[in-house]
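Participant: Using only what follows, build the 3D model:
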Amino acid sequence: MVIDKEDLMQEILKIQRQQGKVLLVIDGRCAAGKTTLAAWLQKELGCNVIPMDHFFLRPEQRTEERLSQPGGNVDYERFLEEVLEPLQRGANFSYRPFDCHRMTLKDAIKVMVEESPITIIEGSYSCHPKLWNYYNMHLFMTTDSETQMQRIRERNGEERAVIFREKWIPLEEKYFSECHIEEQCEFYICT
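Facilitator: Got it, this is the predicted structure:
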C-alpha cells in the first residue's frame, strides 16, 4: 500500500493497539529518506530507532564470497543476536555500532525497550530474509535515480557519490531484486 508519513504513523499506532508492540522496518534505496522518516517518527512517537548502518561488515568479514550474497554486506548475524533476539524477549540490550570511517566497532549503545512499545529498524538490508519474520510492519522507501544521486552528492560529496554509483547502489539493487524486498513490503513510500 502506498502511504504517506501521517498515515504510516496511524498504522503504527493501530498495530500497537492491536498487538501491544510494533517492530517496524524501513528498508529501501539509499538517499530515499529512511533515516529522515525514522527521525520524524521517533520525535512524534517517542520510539527507539536502530540504524542498520551500525551493522555493516567489519573489514575481516568483507570477503568476495560474502559480498556476492544478496544483502551480504551487513552483519545480519550480529544484528539478529544483539538486537532482534533481545527485542523479541522484550529485554533491554546494548550493541556496538560499526564506525565506517574508522572501520571498527564503537562503544556500546544502550537501548531501553520498556520505555517504548515501538521500535524502528531503518536502513538498507534491514529486510534481509534472515530477519524478515521478526518484524510486524515492513516499509519500502524509494526515489528516482536522478534524485538519489543528487542527494548522495549533497550528503557525501562528488568523490563518494562515484563509489555509491559504482559499488553500493549495484549491491543494493541486487539485494532488492533477488530477495524481492520491494514487492513483499506491506507499505511503500516514494520520495
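
Participant: Pick out the residue nearest the middle of this structure.
Facilitator: Against the mean C-alpha coordinate of the chain, by Cα atoms, centre = their mean, the closest residue is G123 at 2.2 Å.

Participant: Alpha carbons only: can I get stretch 89-97 in CSV?
Facilitator: Presented in CSV, the C-alpha positions along stretch 89-97 are these (Å, rounded to 0.1, in the frame of the first residue of the first chain):
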residue,chain,number,x,y,z
ARG,A,89,12.2,-11.2,24.5
GLY,A,90,11.3,-7.6,25.5
ALA,A,91,14.7,-7.1,27.1
ASN,A,92,16.8,-4.0,27.3
PHE,A,93,20.1,-4.5,25.4
SER,A,94,23.2,-2.8,24.1
TYR,A,95,25.2,-3.2,20.9
ARG,A,96,28.4,-1.8,19.5
PRO,A,97,27.8,0.2,16.3
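
Participant: What are the buried residues along it?
Facilitator: Within stretch 89-97, the residues scored as buried using 16 or more other Cβ atoms under 10 Å are F93, Y95, P97. No exception for glycine: its C-beta is placed from N, CA and C like everyone else's.

Participant: got the residues you listed as JSON lines, with distance to E6 and secondary structure columns?
Facilitator: Shown next, in JSON lines, are the buried residues of stretch 89-97 (distance: Cβ to Cβ, whole Å; DSSP: H, G, I helix; E, B strand; the rest coil):
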{"residue": "F93", "distance to E6": "31", "secondary structure": "strand"}
{"residue": "Y95", "distance to E6": "31", "secondary structure": "strand"}
{"residue": "P97", "distance to E6": "30", "secondary structure": "coil"}
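
Participant: Could you pull up the mean pLDDT of the longest helix seen in the chain?
Facilitator: What stands out as the longest helix in the chain, according to DSSP state H, is helix 5-19. The pLDDT scores in helix 5-19 average 96.

Participant: tell me what it is packed against?
Facilitator: The helices and strands touching helix 5-19, judged by 3 or more Cβ pairs under 8 Å, 6 or more residues apart in numbering; DSSP states H and E, are strand 22-28, helix 34-45, strand 137-142, strand 187-190.

Participant: The helix or strand following the second one pairs with which strands, and in what direction?
Facilitator: Same thing as helix 34-45. Using DSSP states H and E, the helix or strand that follows helix 34-45 in sequence is strand 48-51. Note on strand 48-51: by DSSP bridges, its sheet partners are strand 118-122 (parallel).

Participant: Please put the alpha-carbon coordinates of the strand it pairs with into CSV.
Facilitator: Taking Å, rounded to 0.1, in the frame of the first residue of the first chain, the C-alpha atoms of strand 118-122 are listed here in CSV:
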residue,chain,number,x,y,z
ILE,A,118,7.5,0.9,19.3
THR,A,119,11.0,0.2,17.8
ILE,A,120,12.0,1.2,14.3
ILE,A,121,14.9,-0.5,12.4
GLU,A,122,15.9,1.6,9.5
